[in-house]
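**Q** Give me a 3D structure for the following:
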Amino acid sequence: MDSERADPSRRGAAPEPARALSVGELARMLRGELERATRELCVEGEVAGLRAPESGHAYFTLKDEREDAAIDCVMYRSASVRARKLLADGARLVLGGKVTFWAPRGRVQLVVDTARPAGRGALLEALERRRAALAAEGLFDRERKRPLPRDPRCVGVVTSAKGAALHDILKVAFQRGAVRFVVDTSPVQGAGAAESLARSVRRLAQHPEVDVIIVARGGGSGEDLAAFNEEVLVRAIAASPVPVVSAVGHEVDVTLADLVADVRAATPSQAAELIVPDARARAQGLNHLKARLWRAWTRGLGERGQRVDVALSELESLTIRRLSSGREAVGRLERRLAARHPVAVLSASRSTVTRLEQRLSASVRRALTGGRASLVEPQRISALAEREVAVARSRLGELAGRLHALSPLAVLGRGYAIVMPRAGGAIVRRVAEVSPGDALRVTVEDGSFAARVEAAEEQG
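**A** Got it, this is the predicted structure:
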C-alpha cells in the first residue's frame, strides 16, 4: 500500500511484454536445445529416398516401420567410409548422431555420424515378397515380351501433367518423325498414384488407335518411385493388349513396372527414340538401298549386255562358218555338175580321140619311116593305114553318136522339155507334183519360157 501511494503511476499498470526474438535467435536457440538434448542419440529405422549428390554428402529419410513417423537425415562426406557403404534404400540401420535445426530451411534433421546394420527393412522385404510372387506367376518372363511396332501410327503416354517427361517425349518424337499421341495424365507419386496410373494404362489399352503405350516419369529417389512397384500397376501393364514401354528415368533403381513392361527405357527421351522411327535415317536408308539397287541393276544390265554381245559374235561366226562351208559344198557340186555336163563330156571325148589320132598318126609315120626301105608294097601299107584311120573315125563317130544320144539336149531336140518350178527345186516328173495355178519354167532345145498349170490330170 505504501509503495502504491508513493508511486501512483504504477497503480493498475500492465506487466511489460517480453522482448521479441529474431528468427536467427530462435533458430540458434532451437539448435542449441536440440543438440544438447540429443548429444548421445541412437535411432533405428529404415532408409528411404537416398540421394547422393556430387558434393559427397548423403541425404535420406529415416522411417519408422511400426508407425507413421519419419525424420530427414544427412551424413556428411567426413563420415566413415564403412558407414556410408551401409546406406541403401530399404536398409534397416541404427544411426548415431545428433538432432539439429537447419536455419536456412527451418528444418529439423538428424546429422548422422555412425551407422550399423539392424536387419532387413520391412518395406524392402515387402517389395521382395511382391517381386517373388509376381515372378512366380510368370509376369516377368522373357517369353511374354512383345516386340515394338515398326511404324506406330498412334502412341499412348501415361505420365504426370506437370513433369518434364511428357515434354521430353514429344520433343524427341517430333524431331524424328510424324506420329500421333494420346496422353492420359496421372499423378506419379504419392497416395493413390499407383491406382491412377493403372487406370490410365487400362484406358489407353482400350483406345482403338493406340499401338504402343509409354509409362513415364522424370526420375526421382527410390521413395518417389514407390507407385511403380505397386501390384495394381504391374498387373495393368501385364494385361495390356498392346506393348508397353517403361520409362521411369532412374538408372539405379529397377521397379516392378520395368520388369513387367515389354521394353525398359532409361529415360523418357530414349523411349521416344525406341518407338518413333527416325524419318531422316529411314530416308537415308532408302536412298542407300536405292543406290545399291541401281548399281546392281546397272551391273546386271552390263553383264547381260556383254553376254548378248558374245552370243551375237558367236552366232555371227557360226553363220559365217556355215555359209562358207555351204559355199564350198555348192562349189564342189557345181564343179562336179560341170564335169558331167554333156558338152564337157563331149569335149573331153573329142580331146581323147584327137590325142589317140595324133598318137596313131605319129606311130604310123614312125613305122612308115622305119620300114619304108624294107617295104615291098607301099600301096598295101597305105591302104592299111587308111583302113585303120577309117576304123578309128568310125569308132569316134559311134562314140559321138552314143554321147549325143545320152545328152539332154538331144532329148530336147526330139521334142521333149524339162519342167521345173519357177521358184526352184527338183524336176517335175509326175502330175502329182504340181497343182493348178503353180508357176513353172519349161526348158526346150533352144531356150526356156514360163508357164502356169491350168489343170492336172493323171493317166490311169
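**Q** make it CA atoms for all contacts and neighbour counts henceforth
**A** Fine.
**Q** Count the residues that sit near the closest residue to residue 184 other than its chain neighbours.
**A** With sequence-adjacent residues excluded and distances taken as Cα to Cα, 6 or more residues apart in numbering, residue 184 is closest to residue 158, at 5.2 Å. A total of 28 residues lie near residue 158 under the criterion other Cα atoms under 10 Å.
**Q** Next up, the contacts around residue 158.
**A** 183, 184, 185, 186, 197, 200, 201, 213, 214, 215, 216 (Cα atoms under 8 Å, 6 or more residues apart in numbering).
**Q** Of those, which belong to strands?
**A** With strands defined by DSSP state E, the entries of those inside them are 183, 184, 185, 213, 214, 215, 216.
**Q** Give me the domain ranges for the protein.
**A** 23-120, 140-277, 342-406, 413-452 (automatic domain parsing).
**Q** returning to what we had before: now the residue nearest to residue 184, what's its secondary structure?
**A** At residue 158 the chain is in strand, as set by DSSP: H, G, I helix; E, B strand; the rest coil.
**Q** Can you name the residues bridging to it?
**A** When assigned by DSSP bridges, residue 158 has beta-bridge partners residue 184, residue 215.
**Q** Against residue 388, how distant is it?
**A** Distance of residue 158 to residue 388, given as Cα to Cα, to the nearest Å: 139 Å.
**Q** Which positions in the strand or helix carrying residue 380 come out as buried?
**A** Taking DSSP states H and E as the definition, one finds residue 380 inside helix 378-406. The neighbour-count check on helix 378-406 (16 or more other Cα atoms under 10 Å) flags 381, 385, 392, 396, 399, 403, 404 as buried.
**Q** same check, this time on stretch 437-449
**A** Under 16+ other Cα under 10 Å, the buried positions of stretch 437-449 are 439, 440, 441, 442, 443, 444, 445.
**Q** And these, which is closest to residue 238?
**A** Using Cα to Cα, residue 439 comes nearest to residue 238 of these, at 95.0 Å.
**Q** which residues touch the closest one?
**A** 421, 422, 423, 450, 451, 452, 453.
**Q** Of the residues you listed, grab the buried ones for PyMOL.
**A** In PyMOL, a selection of the buried entries from those looks like this (16+ other Cα under 10 Å):
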select buried, resi 421+452
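**Q** Show me where the stretch 1-150 of the chain has its helices.
**A** 2-6, 23-37, 81-85, 122-136 (DSSP state H, counting those that start in this stretch).
**Q** Looking at the contacts of residue 158, which is nearest residue 148?
**A** Taking these together and measuring to residue 148 by Cα to Cα, the closest member is residue 213, at 9.9 Å.
**Q** these two touch, right, the closest one and residue 242?
**A** Yes - using Cα atoms under 8 Å, residue 213 is in contact with residue 242, at 7.2 Å.
**Q** quick one: which of these two has more around it?
**A** Neighbour tally, residue 213 and residue 242, criterion other Cα under 10 Å: the higher count belongs to residue 213, 28 against 19.
**Q** separation between that one and residue 300?
**A** Distance of residue 213 to residue 300, given as Cα to Cα: 46 Å.
**Q** how close does residue 353 sit to residue 383?
**A** Distance, residue 353 to residue 383, by Cα to Cα: 21 Å.
**Q** whoops, I mixed them up, residue 26
**A** 186 Å.
**Q** Now do the shared contacts for residue 213 and residue 242.
**A** Joint contacts of residue 213 and residue 242 (Cα under 8 Å, 6+ apart) are residue 205.
**Q** any idea which residue sits dead centre in this structure?
**A** Centroid-nearest residue in the chain: residue 289, 8.2 Å away (criterion: Cα atoms, centre = their mean).
**Q** residues contacting that residue?
**A** So residue 289 contacts nothing (Cα under 8 Å, 6+ apart).
**Q** Keeping just the C-alphas, turn stretch 238-252 into CSV.
**A** Below are the C-alpha coordinates for stretch 238-252, written out as CSV (Å, rounded to 0.1, in the frame of the first residue of the first chain):
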residue,chain,number,x,y,z
ALA,A,238,0.8,-57.1,-67.9
ALA,A,239,-2.9,-57.2,-69.1
SER,A,240,-2.4,-54.5,-71.8
PRO,A,241,-3.1,-55.9,-75.3
VAL,A,242,-0.5,-53.5,-76.8
PRO,A,243,3.2,-53.3,-76.0
VAL,A,244,4.2,-51.1,-73.0
VAL,A,245,7.5,-49.2,-72.6
SER,A,246,8.5,-48.3,-69.0
ALA,A,247,10.5,-45.1,-68.9
VAL,A,248,10.8,-44.3,-65.2
GLY,A,249,14.1,-42.4,-65.8
HIS,A,250,16.1,-43.8,-63.0
GLU,A,251,19.1,-45.9,-63.9
VAL,A,252,19.9,-47.3,-60.4
